[in-house]
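S.K.: the following comprises the amino acid sequence and a computationally predicted model.
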Amino acid sequence: QAKKRADYLPPAFTINDVKMDVQLHPTCTRVTSEYQVERMGNHGHALTLDGDNLTLREVCIDGQPYTDYEQTDSSLVICNVADDFSLKLVTEIDPEHNQALEGLYLSAGTYCTQCEAEGFRRITYYLDRPDVLARFEVTLHGDKQHYPTLLANGNPIARGDHDDGTHWVTWQDPHPKPAYLFALVAGDFDLLEDSYTTTSGKPVKLELYVDKGKRDQGVFALESLKRAMKWDEDTFGLEYDLDIYMIVAVDFFNMGAMENKGLNIFNSKFVLADQDSATDEDFFNVESVIAHEYFHNWTGNRVTCRDWFQLSLKEGLTVFRDQQFSADMTSPLSNRIKHVRVMREHQFAEDASAMSHPIRPEEVIEMNNFYTVTVYDKGAEVIRMFHTLLGPEKFREGMDEYFRRHDGQAVTCDDFVAAMQSVTDLNLGHFALWYSQSGTPVIEVTTSYDPQTRRMDITFSQHTAPTADQKDKASLFMPVAFDCIDSAGNHYTDDDGQVRDGMFILDTAAKTLHFSDVPEPLIPVVLGNFSAPAKVENSLSAEQLLAVFQYANDTFNRWDALQSLYDWCIHQYELENQAAVDATIWQGLEQVITRESHNHELLGECLVIPSFETLCQSRQLVEVAALNTARSQFCRDFAQRLHGPLETLFKTLETGPYQYTQTAINARRCRNVVLNHLACAGDADKLLNQQFEQADNMTDSLGALKAAQGHSPSVFESLMSRFEQRWNHDPLVLDKWFGLHATTERTDILSQLSLLQQHPRFAKGNPNRVRAVIGSFAFFNTAGFHAPDGSGYQFVTDYLLKLDAVNPQVAARIVTPLTQWHNFAPDYQLLMKAQLERIANHKGLSGDLYEKVSKSLAFK
Ligand code: ARG
Ligand code: ZN
């Protein structure tokens, strides 16, 4: 069942031109496709087309009915064909009952498609692989009253009415594309229109389609699109290439969004935003996803992937591009911390699990399972390392060369590396190991100091532990940003000048830096700005960590030092050794607040105690309840001991009328982080009510709710019911409320979850609702999900078995926390594995769940 990267074969046939005619009907949509097919090379094979869930009505070759074909569950094999011919197929599909939301589906009165990775084969028989590029012309027919808007890729070239109340539109896309970029939409929308003129003077029509009545909530997305277009021209010299760019927001969508050529389809969560209904984080996400999909037009669409093992070619690169864009639009520091949190909380965990894979996977059963934090986020870290190693100018040259070589082609990660290699003397051969080796490298830092000679050695050794998919690991090529200080904050340089511009290369198992004439043991500050996706083991004392916070050059390192300090403190609590967290440490933390009180951005990050998930990364066989308790106790002490300075800080954080500017965002974030501590210290009910009452924006309303959750149950309940009343009409906003309920730690959480599922706004077919309730619980309700009697695991499993029959893609995402069983103490492991066994033994299990669950059960 598994496909292997090494088994790639070029296609036996290709399709150059596609004409499609789609007669939309809820349960019986008729698709007529005509292909110009061409044999590739010298062979006598039949033509094998992919298909899934299709009813075949007609086959014609060169205009004549044709009968020499065979059908299987997943293909149509057409025998004895010529080298060049035209093939016409008529198939029927049922969009209304398509609840997997893959292919063409009808939900909430809107037809739309999702074809990546292999959804086009649910629309018609085709060579559904990314290395077959064709020009598409698509005619849509639909009821004029219910579906006044009929969209497909490219430009509209003709339209008209039929005399039965239906109408039609023909769309032509001049750019050859793989089928996964195909899209169509039919519905009744509000339209926001705008235009953009590229640097070279080309006018582009911009159209954003949203649900009726949501116009105002689309304005920010449209503005974001224009910023992204400008940024890509300024930064990479890349302009848009069609006359029209369309974005459609839909409520039923499995993922975030999709970069279909000229016709992006978005989960409405990443389009709709206004001050009342969206948090600062929502605004940020809208801008970043809009940019991500736009940037795909070059990195993904113009240059696409040869096969799906190369997914990171477009995703790693496009995530890196959207990260750079967001950093430019907002702030580099908070963006970098965001990326690092994703890497540490999710990617490192994935790499240590049964699903471990390199950013370019070797083996896949269900491609949908490989849209992972490894392919996306670690992939982006690898691109970032190219950028770090080459510098921005050379990186840009390499990108130019990549487009010069490969525009219009379907290529591999090796092709990308080769383009980069062509602009640098650095040998990228070793570096490219990042594409094939999975697992998280650990850099261990050891020091030796001789007070007699005043010499100091700092040794860095790297190792990568074996992973589920790969036993043998080699040393990686890593850029290591490095700084070295003493306890008074003086900076030191190494004797041999191995550190250049604050960076050295670690490309062997170990490397030592030498320092002479040093008065005291120095403090190594390693991996500034997270220069490589690695873990660092650098055993610094609490005092040294505070010195790093105070004196290091790199702000990321400063933040990271405090995170390590919190982790260490919580560990003392786990050991019931609270006294080790002594007065000097509390004073040090107090000084962090008082000295940096003007720096809201830094404090907003530094006053966040590491999450349970992050803490799991530095522990093994986690005793969930014990760690959760230790963390809560530390949070309580933190809030109480630092109450004075926190309260003082809070008073300076009056944020005024809502503005979405970086200064205001930083202040709000800091304010809400501090509010949470104040609530944790107790006695903040008045403050919580007041903030909720007076908030003129969603960030502060939600900030009050989150601070009340877990600290002030009665305030929480009363604010939650007010929130529900206020937002009952808007399910997308109510998802925040669903999520808060689902993550509340309480003994009757399972009956709460059942109540939430009875809620009139809950819809089991809507992925956003399911993720808000079941996903939030499984991922973030530590005490509930890991209840010692296994009831949390059982609840999630019961739900997933039902969901899998309807929407396997979403089920396979939510099963992830269960597949992490190996992180937890033996009692938890047994209970988790018992539920995984239940899933594995379930009749009619999807390939999506099968792949993840069977791997997880076979682990270790
Ligand atoms: N290409 C899309 C994006 O990253 C995501 C598609 C995800 N597809 C899937 N089958 N999970 O923008
Ligand atoms: Zn993408």
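M.R.: In hand now; what should we look at? Ligands and ions are numbered 1, 2, ... in the order given.
S.K.: show me the strands in the stretch 51-200 of the chain, by range?
M.R.: In the stretch 51-200 of the chain, the strands defined using DSSP state E, counting those that start in this stretch lie at 55-61, 64-65, 69-71, 75-78, 84-93, 103-107, 110-114, 134-143, 149-152, 155-161, 166-177, 184-187, 190-197.
S.K.: mean neighbour count and mean pLDDT added to these, as CSV?
M.R.: For the C-beta atoms, the positions are set from N, CA and C on the backbone; glycine is no exception. Below are the strands of the stretch 51-200 of the chain laid out as CSV (neighbours: other CB atoms under 10 Å; pLDDT from 0 to 100):
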stretch, mean neighbour count, mean pLDDT
strand 55-61, 15, 98
strand 64-65, 8, 98
strand 69-71, 14, 98
strand 75-78, 18, 98
strand 84-93, 18, 98
strand 103-107, 22, 98
strand 110-114, 25, 99
strand 134-143, 21, 98
strand 149-152, 25, 99
strand 155-161, 12, 98
strand 166-177, 20, 98
strand 184-187, 24, 99
strand 190-197, 14, 98
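S.K.: which among those strands is found nearest to ligand 1?
M.R.: Between ligand 1 and those, the tightest spacing by CB to the nearest ligand atom is seen for strand 110-114, at 7.1 Å.
S.K.: which strands and helices lie in contact with that closest one?
M.R.: With contacts defined as 3 or more CB pairs under 8 Å, 6 or more residues apart in numbering; DSSP states H and E, strand 110-114 has these neighbours: strand 103-107, strand 184-187, strand 244-250, strand 263-267.
S.K.: try it again with 6 Å
M.R.: strand 184-187 (3 or more CB pairs under 6 Å, 6 or more residues apart in numbering; DSSP states H and E).
S.K.: now the strand it packs on: how far from the chain's centre is it?
M.R.: Its chain's average C-alpha position is 26 Å from that of strand 184-187, according to CA atoms, centre = their mean, to the nearest Å.
S.K.: can you check stretch 26-40 too?
M.R.: Distance of stretch 26-40 from its chain centroid, counting by CA atoms, centre = their mean, is 33 Å.
S.K.: quick one: mean pLDDT over that stretch.
M.R.: Stretch 26-40 shows a mean pLDDT of 98.
S.K.: give me the pLDDT for the residue lying closest to residue 182 once chain neighbours are set aside.
M.R.: Nearest non-adjacent residue to residue 182, counting by CB to CB, 6 or more residues apart in numbering: residue 115, 5.2 Å away. Looking at residue 115, its pLDDT reads 99.
S.K.: equivalent analysis for residue 109, please.
M.R.: Residue 109 is assigned 98 on the pLDDT scale.
S.K.: excluding chain neighbours, what is closest to it?
M.R.: Closest to residue 109 by CB to CB, 6+ apart is residue 187, at 6.5 Å.
S.K.: in the stretch 151-300 of the chain, which residue sits closest to ligand 1?
M.R.: Closest point on the stretch 151-300 of the chain to ligand 1, by CB to the nearest ligand atom, is residue 255, at 4.5 Å.
S.K.: how close does the residue of the stretch 451-600 of the chain found nearest ligand 2 get to residue 350?
M.R.: Ranked by CB to the ion, the top residue of the stretch 451-600 of the chain for proximity to ligand 2 is residue 533, at 18.6 Å. Note on residue 533: its distance to residue 350, by CB to CB, to the nearest Å, is 12 Å.
S.K.: what's the local residue count around the nearest residue to residue 189 once chain neighbours are set aside?
M.R.: Excluding the flanking residues, the one nearest residue 189 by CB to CB, 6+ apart is residue 209, at 4.0 Å. Using other CB atoms under 10 Å, residue 209 has 25 other residues around it.
S.K.: make sure residue 209 is indeed in a strand.
M.R.: Yes. Per DSSP: H, G, I helix; E, B strand; the rest coil, residue 209 lies within a strand segment.
S.K.: quick one on the thing from earlier: the more surrounded of residue 533 and residue 350?
M.R.: Comparing residue 533 with residue 350 by other CB under 10 Å, the one with more neighbours is residue 533, at 28 against 22.
S.K.: and that one, its phi and psi?
M.R.: Per-residue torsions, residue 533: phi -80, psi 70 (degrees, to the nearest 10).
S.K.: go ahead and confirm residue 95 touches residue 104.
M.R.: Yes. Counting by CB atoms under 6 Å, residue 95 does reach residue 104; the two are 4.8 Å apart.
S.K.: and the helices in the stretch 351-500 of the chain?
M.R.: Along the stretch 351-500 of the chain, counting by DSSP state H, counting those that start in this stretch, helices occupy 373, 379-406, 413-421, 428-431, 433-436.
S.K.: so what's residue 379 closest to, chain neighbours aside?
M.R.: Residue 379's closest residue in space is residue 316 (CB to CB, 6+ apart), at 2.3 Å.
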